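Asker: Build me a model from this:
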Amino acid sequence: MTIGIAGAGAFGTALGVALARDGRAVQLWARDAAAVAQMQASRENPRLPGVTLPDTITLTAALDPLFACETVLLAIPAQALSGFLGDYGARLSGKALVACCKGIDLGRMTGPASTIRDLVPDAGAAILTGPSFATDIARGLPTALTIACADDASCALLQQLLSTPTLRLYRTTDITGAELGGALKNVMAIAAGVTIGAGLGESARAALITRGFAEMQRLVTQLGGQAETLAGLSGLGDLVLTCTSAQSRNYRYGLALGAAQDFNTTTTVEGIATASALRQLSLDLDIDLPICTVVADLTTGRTDVKTALHALLSRPLKEE
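Answerer: Below you'll find the predicted structure:
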């Protein structure tokens, strides 16, 4: 069985490399034909320098080979996913579609798997999420992820199909918990970066991560997800990784924001849009999400770092 991957960025390519090394045939699609030609010639993706693309990865800028696959991994940014599905949903009908992005769609206010379920209702919607960096996966370093879909039998099949000796998948039927865990941790990573960038220290970051995790649990349970899911890879695991490593784009963005430094605006930082979506959700649901709200206000220029930190530190004292 050939596995299709839509999106030849670092993460989509890394997944393709891991699967191909384990003997899978992979159809890797990118929109940019010139980039595809370059990767075909060099057998390397510039976003993953030093990683050779196995021969069992076929690169294409044509959509027909991608849509011929029964299982398609959607390694497309969260804010672009609904547009892709809106354009091509009819051709993805009946397939197993696995979202490989993290965030909340600003227009629809849904997570990636929920967006698939809404726009391609007769597809099998799933999400692959958890603590991972593309470079680690591509280099064959041990990585564990969560695969979530509503039907456990379908989830078990995807678990077997997408696991490799170095990429271990754990399954859950709690789509809400898995997709929100992946989305929320990006916002917390920005906040953790701001904390370090502003010079508040490691102890302050530890407190931020802990209170951020409590905030994540509040929202997930309010929306019908399970708190236990957040105690796993898609929640706590991903939160710890992205709040402590400079490999995280969201964390690096927060570092620059806290230190009042410039940041490369061409870098995708999913937590920015997600924070704005969560700020709106907190108002709609009347649920207290102070860290998410502060990050949204920071990233949209409603407040500055000094004012934001004061707002968090001056909140009323309460039980943990």
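Asker: Show me the strands in the protein, by range?
Answerer: Ranges of strands in the chain, per DSSP state E, are 2-6, 25-29, 57-60, 71-74, 96-99, 124-129, 143-149, 167-172.
Asker: Looking at those strands, spot the one closest to A35.
Answerer: strand 57-60 (9.0 Å; CB to CB). Using the backbone N, CA and C atoms, a C-beta is placed for each residue, glycine as well.
Asker: Now tabulate the strands of the chain in TSV and tack on mean neighbour count and distance to T244.
Answerer: Formatted as TSV, the strands of the chain follow (neighbours: other CB atoms under 10 Å; distance: least, CB to CB, whole Å):
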stretch	mean neighbour count	distance to T244
strand 2-6	24	28
strand 25-29	23	31
strand 57-60	20	32
strand 71-74	24	27
strand 96-99	26	25
strand 124-129	28	18
strand 143-149	25	16
strand 167-172	18	21
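Asker: Distance to L309 added to the ones you listed, as TSV?
Answerer: As requested, the strands of the chain are arranged in TSV below (distance: least, CB to CB, whole Å):
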stretch	distance to L309
strand 2-6	40
strand 25-29	43
strand 57-60	46
strand 71-74	37
strand 96-99	34
strand 124-129	30
strand 143-149	32
strand 167-172	35
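Asker: can you redo the ones you listed as JSON lines with mean pLDDT?
Answerer: Shown next, in JSON lines, are these (pLDDT from 0 to 100):
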{"stretch": "strand 2-6", "mean pLDDT": "98"}
{"stretch": "strand 25-29", "mean pLDDT": "98"}
{"stretch": "strand 57-60", "mean pLDDT": "98"}
{"stretch": "strand 71-74", "mean pLDDT": "98"}
{"stretch": "strand 96-99", "mean pLDDT": "98"}
{"stretch": "strand 124-129", "mean pLDDT": "98"}
{"stretch": "strand 143-149", "mean pLDDT": "98"}
{"stretch": "strand 167-172", "mean pLDDT": "98"}
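Asker: out of the ones you listed, which comes closest to G271?
Answerer: Of all the strands of the chain, strand 124-129 comes closest under CB to CB, at 14.2 Å.
Asker: In the chain, where's the longest helix?
Answerer: helix 175-197 (DSSP state H).
Asker: tell me the helices in the stretch 201-320 of the chain, going along the chain?
Answerer: 202-222, 227-230, 238-242, 249-258, 270-285, 290-299, 305-313 (DSSP state H, counting those that start in this stretch).
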